[in-house]
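K.L.:
Build me a model:
(4 chains)
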Number of protein chains: 2
Amino acid sequence: MNLKQLSQMLGLSQTTVSRALNGYPEVNRETRERVLKAVQETGYRPNKAAQRLATGKAGSIGLVMPTAPGNPTDLHFGEFLTGLGEEALRHDFHFVVTPADPNDEVGALKRLAVSGNVDALFVNYMRGHDPRLDMLKSLSMPFLVHGRSIGSEPDYPFLDIDNEAAFYDATKLLLQLGHRRFALLNGPMYLDFAIRRKNGVDAALAERGLALDEACISHTAMTDEQGLLVMERILQLDKRPTAILCSSTVLALGAVRAINQAKLKLGEDISLIAHDDVLTLLKPENFTVPLTTTRSSLRAAGMRIAERLIAGIKQTETFPEQELWKTELIVRASTGVAPAD
Amino acid sequence: MNLKQLSQMLGLSQTTVSRALNGYPEVNRETRERVLKAVQETGYRPNKAAQRLATGKAGSIGLVMPTAPGNPTDLHFGEFLTGLGEEALRHDFHFVVTPADPNDEVGALKRLAVSGNVDALFVNYMRGHDPRLDMLKSLSMPFLVHGRSIGSEPDYPFLDIDNEAAFYDATKLLLQLGHRRFALLNGPMYLDFAIRRKNGVDAALAERGLALDEACISHTAMTDEQGLLVMERILQLDKRPTAILCSSTVLALGAVRAINQAKLKLGEDISLIAHDDVLTLLKPENFTVPLTTTRSSLRAAGMRIAERLIAGIKQTETFPEQELWKTELIVRASTGVAPAD
DNA sequence: TCATTTCCTCAAAGCGCTTTGGCTAGCCAC
DNA sequence: GTGGCTAGCCAAAGCGCTTTGAGGAAATGA
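P.N.:
Below is the predicted model:
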């Protein structure tokens, strides 16, 4: 069943039927109702490809899913996608997911853009000096960045959380509790958020004339295995740190296991603050010793990003181009006064 | 830059250029090379919407992402998607993800199918008597089912693991170790795999004249929170079970926490076998007491499904229509001889 | 030599929709 | 009665591609 058949059935022109369906004003109310009724009965659905060809609009958001063979599934990606999906659903949008090798993200993005399959692009896992930015800007297609790219002119639309402030505040709290030796379990060094979080820690420590020991910084994938490995190593240092900052509750999962295995008491012998993306699977309050965290919901970010992108496509509303969300510092039992030396 | 412009530039007709690009034999080699070179230089890319409209092929697989507001992010879904993506990447396919309320999966699927956005459909989270099957069969579009639907005629293409055998074998092992009181932490009751797993347990127990106590069966979402809650409840039963079967390592995560909190020793006081989907985040060998599991990689299933679907679309190869994968029973430290009563 | 075949190329139709630019009929004002 | 509006509808063009059916030129056969 297509437009032609439907309009013949109704004894109307394609024009009128199309207009009736798309809410144009120059259609008689009675006629419109007749059309709508016929659509109900026949189950007619406009062919998206044709619609897209005619309008140039696809009703979809493109995103690149980084997925090298053997790459760990990213819990954070899933949580974020859920948020995106929730909002997209509300507007009858869908997304086109192109799997891509992380080393060819620029290429994958470009292919997606010129494919004509999407009306807007979205990128995340931003790096310092991210090469994708220039490409996006040259593209004349709405886009939105989750995160930022340190080292690039901040003249692009983004949604980010204030990573630097989050880790600055967390460090400050630990300093107030008397801690002097810190460790940072961070994400991959090239990622923007990791850089900013480290900057936050550095800034707070510098105010007290302290600095992170090189041996106490790790940049790894954010898996619990890495958390375990790194933490085991750190705990074997003499003059081991008493305060740990973790870039994710997933890393914290491994770190805490290492701490337990070393028979140390979290919140007494050693304090830990993790960043909490509010992953459904991994709630900091469910740890045996509930975790103190800096919190910002990844899913909420997903929803907001979908909202902004869709608005950008429809050109209905204008949102602030750049948003920086504050995180919350939530104190639970994993932080305590520094042990006497 | 479109076909028309390109062909004018080359002094050829659109037909010839199109044929040259799509590998038709009736184009002079020299001509073809000229065309290919021009494509390189101009960066011409065919408009997908037009291509799709003309051919009816979209180069994409449609799938419905179940996502009610507030729904937990599903770790299993992400792992599976990673597998799908890995394989799709290899064939330059992408997927169109429609987020949908779990209560309207049939509708969402139908919309996806008639939208003309996809050439093939994929469904998972199968239920008993799944209403989507009839719809899919009526659709004349390739589709593939991950799992099966108990109660429906098995006349559709699927890939499933042998859930019944997996849990039969696991139960049998525990019986051999002397266990007599069992509990099953299962997924939602309406899901096919949950039904089959329970059947497997029932069958093995029945052989010994045993049966599951109603109080020792749970059907919940597969989150660690539910695992914790259910396990806490079960541990308070008098005559509490000594053998636990878990439908997921995620459930096991919570269950093990409950066991630890009750100061019971896993593998001594109580034995546990979980099904392991080989989630990257949650390795059974990384539990403090490594978990005995029935194993089958969800990611591998995703890859295989993408492979079959794409082959179905291209009609290149024919794969077996129905595949049933065996799981592996891997014994680790969480299973031991039943404690004396 | 003419007829036939083969190789390469082309013009034009069509995919299913939106949108432009009329057109008609009815109404009002003068 | 004429001119000008407006409301409601339509025919046809066009989006960018693939594919059908045809045709011209060169090569082959009789």
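K.L.:
In the sheet, which strands lie alongside the helix or strand bottoming out on mean pLDDT in chain A, parallel or antiparallel?
P.N.:
Averaged element by element with mean pLDDT, DSSP states H and E, chain A has its least confident helix or strand at strand A:94-100 (a mean of 78). Counting by DSSP bridges, the strands paired with strand A:94-100 are strand A:60-66 (parallel), strand B:94-100 (antiparallel).
K.L.:
Now the element after the first one, going C-ward?
P.N.:
What that stands for is strand A:60-66. Sequence order places helix A:75-90 as the next helix or strand after strand A:60-66, per DSSP states H and E.
K.L.:
Give me the buried positions along that next one.
P.N.:
Residues of helix A:75-90 classed as buried: A:75-89 (neighbour count, 16 or more other C-beta atoms under 10 Å in any protein chain shown). Using the backbone N, CA and C atoms, a C-beta is placed for each residue, glycine as well.
K.L.:
what about the strands in the stretch 201-341 of chain A?
P.N.:
A:217-219, A:243-246, A:271-276, A:292-295, A:322-325, A:328-330 (DSSP state E, counting those that start in this stretch).
K.L.:
Just the mean pLDDT for the longest one, thanks.
P.N.:
Per-residue pLDDT values across strand A:271-276 average out to 98.
K.L.:
Repeat that for the fifth one.
P.N.:
Along strand A:322-325, the predicted confidence averages to a pLDDT of 96.
K.L.:
still on that earlier bit, of the buried residues of helix A:75-90, list those near DNA strand D.
P.N.:
The residues of those that also fall near DNA strand D, by C-beta under 7 Å from any atom of the strand, amount to none at all.
K.L.:
Looking at the residues you listed, which is nearest DNA strand D?
P.N.:
For the buried residues of helix A:75-90, the minimum distance to DNA strand D (C-beta to the nearest atom of the strand) is 25.1 Å, reached by A:Ala88.
K.L.:
which non-adjacent residue is nearest the closest one?
P.N.:
In this structure, A:Ala88 finds its nearest non-sequential neighbour in A:Ala306, 5.0 Å apart by C-beta to C-beta, 6 or more residues apart in numbering or on different chains.
K.L.:
same deal with A:Leu121?
P.N.:
For A:Leu121, the nearest residue in space outside its immediate sequence neighbours is A:Phe143; the separation is 4.3 Å by C-beta to C-beta, 6+ apart.
K.L.:
okay, now the one you found: neighbour count?
P.N.:
Other residues within reach of A:Phe143, judged by other C-beta atoms under 10 Å in any protein chain shown, total 24.
K.L.:
Please verify my assumption that it contacts A:Asp134.
P.N.:
No: judged on C-beta atoms under 8 Å, A:Phe143 makes no contact with A:Asp134 at a distance of 11.9 Å.
K.L.:
from what I can see A:Leu324 touches A:Asn163, true?
P.N.:
No: the pair formed by A:Leu324 and A:Asn163 falls short of the contact definition of C-beta under 8 Å, at 9.6 Å.
K.L.:
more neighbours, these two?
P.N.:
When neighbours are counted by other C-beta under 10 Å, A:Asn163 comes out ahead of the other of A:Leu324 and A:Asn163, with 25 against 13.
K.L.:
any idea how far A:Gly200 is from the more buried one?
P.N.:
According to C-beta to C-beta, to the nearest Å, A:Asn163 and A:Gly200 sit 7 Å apart.
K.L.:
likewise A:Arg148?
P.N.:
Counting by C-beta to C-beta, the separation of A:Arg148 from A:Gly200 is 14 Å.
K.L.:
I'd like to know how far A:Leu281 sits from DNA strand D.
P.N.:
In this view, A:Leu281 and DNA strand D are 44 Å apart by C-beta to the nearest atom of the strand, to the nearest Å.
K.L.:
just to revisit the earlier point, following element in sequence after the least confident helix or strand of chain A, please.
P.N.:
helix A:105-114.
K.L.:
got the CA coordinates for that next one in PDB?
P.N.:
Once side chains and other backbone atoms are set aside, the C-alpha atoms of helix A:105-114 remain, and they are given as PDB (Å, rounded to 0.1, in the frame of the first residue of the first chain):
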ATOM      1  CA  GLU A 105      36.500   6.900  13.800                       C
ATOM      2  CA  VAL A 106      37.000   9.900  11.500                       C
ATOM      3  CA  GLY A 107      36.400   7.700   8.500                       C
ATOM      4  CA  ALA A 108      33.400   6.000  10.000                       C
ATOM      5  CA  LEU A 109      31.900   9.300  10.900                       C
ATOM      6  CA  LYS A 110      32.400  10.700   7.500                       C
ATOM      7  CA  ARG A 111      30.900   7.700   5.800                       C
ATOM      8  CA  LEU A 112      27.900   8.000   8.100                       C
ATOM      9  CA  ALA A 113      27.500  11.600   7.300                       C
ATOM     10  CA  VAL A 114      27.700  11.400   3.500                       C
END
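K.L.:
Pull the distance from it to the chain's centre.
P.N.:
The chain centroid and the centroid of helix A:105-114 are separated by 19 Å, computed with C-alpha atoms, centre = their mean, to the nearest Å.
K.L.:
list the helices and strands that helix packs on?
P.N.:
Using 3 or more C-beta pairs under 8 Å, 6 or more residues apart in numbering or on different chains; DSSP states H and E as the contact criterion, the secondary-structure elements in contact with helix A:105-114 are strand A:60-66, strand A:94-100, strand A:120-123, helix A:131-137.
K.L.:
cutoff 10 Å now
P.N.:
Packing partners of helix A:105-114 (3 or more C-beta pairs under 10 Å, 6 or more residues apart in numbering or on different chains; DSSP states H and E): strand A:60-66, strand A:94-100, strand A:120-123, helix A:131-137, strand B:94-100.
K.L.:
what would the ones you listed look like in JSON lines with mean neighbour count?
P.N.:
Listed next are the helices and strands packed on helix A:105-114 as JSON lines, based on neighbours: other C-beta atoms under 10 Å in any protein chain shown:
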{"stretch": "strand A:60-66", "mean neighbour count": "25"}
{"stretch": "strand A:94-100", "mean neighbour count": "25"}
{"stretch": "strand A:120-123", "mean neighbour count": "23"}
{"stretch": "helix A:131-137", "mean neighbour count": "18"}
{"stretch": "strand B:94-100", "mean neighbour count": "25"}
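K.L.:
could I get these as CSV with distance to B:Phe182?
P.N.:
Supplementary listing: these in CSV, determined by distance: least, C-beta to C-beta, whole Å:
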stretch, distance to B:Phe182
strand A:60-66, 40
strand A:94-100, 41
strand A:120-123, 47
helix A:131-137, 53
strand B:94-100, 36
